[in-house]
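Student: Model the following, please.
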Amino acid sequence: MEDKLVTLAILTFEKAQILKTILETEGIDVYIHNVNLIQPVISAGVRVRIKESDLPHALRVVEDNHWFEEPEEEQKVQAKRILIPVDFSDYSFKACEIGINYAHNIGAEVMIMHAYFTPYFPMAIPMGDTLAYQVTEEETMQYQLNRVKKDMENIRTHIDRKIGNGELPPVPYDSVLREGLPEEEIIAYSKEYHPSLIIMGTRGKSQKDLDLIGSVTGEVIDLTRVPVMAIPENVKFNNLENVKNIGFATSFKDRDLVAFDNFMEVIKTFPDVHIHLFNISTSKDEWNEIRLSGVKEYLKKHYPEANISHTVLNDGDLLDAIESFVREKEIDMIALSSYRRNVFARLFNPSIARKMLFHTDTALLVMNTTN
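Tutor: Here you go, the predicted model:
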């Protein structure tokens with residue numbers, strides 16, 4: 001039976017070549033697909049493919065080489081910047097409205113960003129036809145650039161009109177277009193722009209499970225160090241001032257206390273918000289009540305003005321328990337910590353934040369921490 005090929009990563013041409021060299025030195029056959037034959041170095045969607053039987057070995061090699069780790073450089077965070085990646089959908093407009101209202105409340109500026117990907121399709125071309133193919137390719141790229149420029153103009157017109165008639169507050173904002181894979185470009189641009197918060201729209205619970213694999217929001221949550229707020233299209237508010245009940249998930253780890261400090265910084269302008277602590281382990285454990293109560297008292301000591309209570313989730317499926325909790329407590333937003341995991345965990349054990357992103361219509365605020 002023929003060993004089928006699987007995609008290990010989607011990278012730029014340069015990164016794909018580096019990874020290919022690393023893997024081939026380990027005796028792993030590597031196949032590069034989706035390379036632009038005429039201008040390969042500008043292709044942003046190169047697939048690194050290997051035989052399925054080589055996948056465990058390849059993952060070990062990738063892990064040993066720290067391929068997916070970010071440089072341990074200090075990130076300079078500017079306190080007054082909000083980044084809003086958009087794809088020009090209705091839920092992107094909602095994310096813009098929420099982000100602009102929030103920016104007004106904290107005195108921040110806003111950057112609206114769109115990353116577009118130009119696919120390249122390899123084909124056999126006679127040498128005499130190369131020039132004609134290149135012209136067609138350039139025309140296609142120019143058409144796509146003009147299209148996204150027009151889409152960005154439309155969203156700016158939409159925002160300007162709402163600011164002009166008083167539906168949105170006057171907030172300094174700008175926009176930027178980037179070519180490449182959206183998740184990679186959002187991460188790269190956030191390192192340049194240094195936002196204190198990234199706000200992204202999502203399709204919410206109606207989204208098909210298949211979309212979990214390619215979710216840009218899920219990838220950004222997994223890879224960035226910046227807090228990410230995911231706004232489902234069916235969320236009931238367009239101003240974070242209307243958020244009254246926030247569920248804060250804890251696994252009783254020290255990193256949750258660090259995340260809570262960051263969380264309180266984000267919500268400091270929310271008036272009269274009620275914070276509901278809840279556990280993210282639903283295995284039968286009589287200590288959950290004691291632990292949650294202890295965490296609540298610790299946080300109350302450090303944040304005496306905060307309205308904090310705790311709820312022990314029902315036993316059973318975690319996502320079902322969370323949905324019941326959201327309904328019973330009328331939760332408007334769920335906040336939780338996420339943290340960078342190794343490549344095995346990222347591929348085969350999606351984070352609770354990523355799972356929740358596709359199983360709820362409740363807004364999510366993910367505070368990213370390191371291991």
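Student: where does this protein have low pLDDT?
Tutor: Residue ranges of the chain with pLDDT under 70: 1-3, 10, 34-46, 64-79, 118-138, 204-214, 281-286, 339-350, 358-359, 370-371.
Student: could you pull out the strands for it?
Tutor: 5-11, 30-33, 46-51, 81-85, 109-116, 173-179, 197-202, 228-232, 245-250, 274-279, 307-311, 333-339, 363-369 (DSSP state E).
Student: Throw these into JSON lines and include mean neighbour count and distance to residue 268, thanks.
Tutor: For the C-beta atoms, the positions are set from N, CA and C on the backbone; glycine is no exception. Formatted as JSON lines, the strands of the chain follow (neighbours: other Cβ atoms under 10 Å; distance: least, Cβ to Cβ, whole Å):
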{"stretch": "strand 5-11", "mean neighbour count": "18", "distance to residue 268": "38"}
{"stretch": "strand 30-33", "mean neighbour count": "16", "distance to residue 268": "48"}
{"stretch": "strand 46-51", "mean neighbour count": "20", "distance to residue 268": "43"}
{"stretch": "strand 81-85", "mean neighbour count": "24", "distance to residue 268": "15"}
{"stretch": "strand 109-116", "mean neighbour count": "21", "distance to residue 268": "18"}
{"stretch": "strand 173-179", "mean neighbour count": "16", "distance to residue 268": "22"}
{"stretch": "strand 197-202", "mean neighbour count": "26", "distance to residue 268": "12"}
{"stretch": "strand 228-232", "mean neighbour count": "26", "distance to residue 268": "14"}
{"stretch": "strand 245-250", "mean neighbour count": "22", "distance to residue 268": "13"}
{"stretch": "strand 274-279", "mean neighbour count": "22", "distance to residue 268": "12"}
{"stretch": "strand 307-311", "mean neighbour count": "16", "distance to residue 268": "14"}
{"stretch": "strand 333-339", "mean neighbour count": "23", "distance to residue 268": "13"}
{"stretch": "strand 363-369", "mean neighbour count": "24", "distance to residue 268": "13"}
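Student: Turn those strands into JSON lines, including distance to residue 100.
Tutor: Formatted as JSON lines, those follow (distance: least, Cβ to Cβ, whole Å):
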{"stretch": "strand 5-11", "distance to residue 100": "32"}
{"stretch": "strand 30-33", "distance to residue 100": "41"}
{"stretch": "strand 46-51", "distance to residue 100": "36"}
{"stretch": "strand 81-85", "distance to residue 100": "8"}
{"stretch": "strand 109-116", "distance to residue 100": "6"}
{"stretch": "strand 173-179", "distance to residue 100": "7"}
{"stretch": "strand 197-202", "distance to residue 100": "10"}
{"stretch": "strand 228-232", "distance to residue 100": "12"}
{"stretch": "strand 245-250", "distance to residue 100": "21"}
{"stretch": "strand 274-279", "distance to residue 100": "25"}
{"stretch": "strand 307-311", "distance to residue 100": "27"}
{"stretch": "strand 333-339", "distance to residue 100": "18"}
{"stretch": "strand 363-369", "distance to residue 100": "16"}
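Student: How about the residue most central in space within the chain, nearest residue that isn't a chain neighbour?
Tutor: In the chain, the residue lying closest to the centroid (Cα atoms, centre = their mean) is residue 220, at 2.7 Å. Closest residue in space to residue 220, ignoring its immediate chain neighbours: residue 186 at 5.3 Å, by Cβ to Cβ, 6 or more residues apart in numbering.
Student: For that neighbour, give me its contacts.
Tutor: Contact analysis of residue 186 by Cβ atoms under 8 Å, 6 or more residues apart in numbering lists 83, 85, 113, 115, 198, 216, 220, 224.
Student: What of residue 176?
Tutor: Contact analysis of residue 176 by Cβ under 8 Å, 6+ apart lists 111-114, 189.
Student: again, only using 6 Å
Tutor: Listed by Cβ atoms under 6 Å, 6 or more residues apart in numbering, the contact set of residue 176 reads residue 113.
Student: Give me the distance between it and residue 92.
Tutor: Separation of residue 176 from residue 92 (Cβ to Cβ, to the nearest Å) stands at 15 Å.
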